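Trainee: Coordinates only, no sequence provided:
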């Protein structure tokens, strides 16, 4: 949860406060900066959700929505990035993002669909 919160938080801050720079780096038109800022707000919001839920037993009845939401986000995002990565094999940052997303999808999928065990 902490790693996910930090990665999403950094991404959210970068996209929220530096959308023009991110747009230029990604090769997008300047008109896409508002979409990047909104995406940054979404990332930052998800980061805050994960940060505040990090002490909870994730996957239990009360934190099931947190686990399912993260699983859905990372699985759908990872599959979209995988499709894009295979169409544009020369963009290494897409492959890196896809790898991170799919790793988190596997981890949150495991947490979502298995019984939680509290550490002693």
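Mentor: Arrived safely, thanks for sending. Every value quoted in this text rests on a predicted model; they were computed, and no experiment measured them.

Trainee: which helix of the protein spans the most residues?
Mentor: Using DSSP state H, we find that the single longest helix of the chain is helix 64-87.

Trainee: which of the residues in that one are buried?
Mentor: 66-68, 70-71, 73-75, 77-78, 81-82, 85 (16 or more other Cβ atoms under 10 Å). For every residue, glycine as well, the C-beta is placed using N, CA and C.

Trainee: ok, residues contacting that helix?
Mentor: 4, 46, 49-50, 53, 56, 58-59, 91, 94-95, 97-98, 101-102, 104-105, 108-109, 111-112 (Cβ atoms under 8 Å, 6 or more residues apart in numbering).

Trainee: and the nearest residue to residue 100 once chain neighbours are set aside, helix, strand or coil?
Mentor: Excluding the flanking residues, the one nearest residue 100 by Cβ to Cβ, 6 or more residues apart in numbering is residue 7, at 6.9 Å. When classified by DSSP: H, G, I helix; E, B strand; the rest coil, residue 7 comes out as helix.

Trainee: Test my guess that residue 7 contacts residue 103.
Mentor: No: taking contacts as Cβ atoms under 8 Å, residue 7 lies outside contact range of residue 103: 10.6 Å.

Trainee: Please enumerate the helices of this protein.
Mentor: 2-17, 19-26, 33-53, 64-87, 92-113.

Trainee: Where among the ones you listed is average confidence lowest?
Mentor: Here the lowest mean pLDDT among these goes to helix 19-26, at a mean of 90.

Trainee: Flag every buried residue along that helix.
Mentor: 19, 22, 23.

Trainee: how about stretch 101-109: buried residues?
Mentor: For stretch 101-109, by 16+ other Cβ under 10 Å, it's 101, 102, 104, 105, 107, 108, 109.

Trainee: Nothing else from me, thank you.
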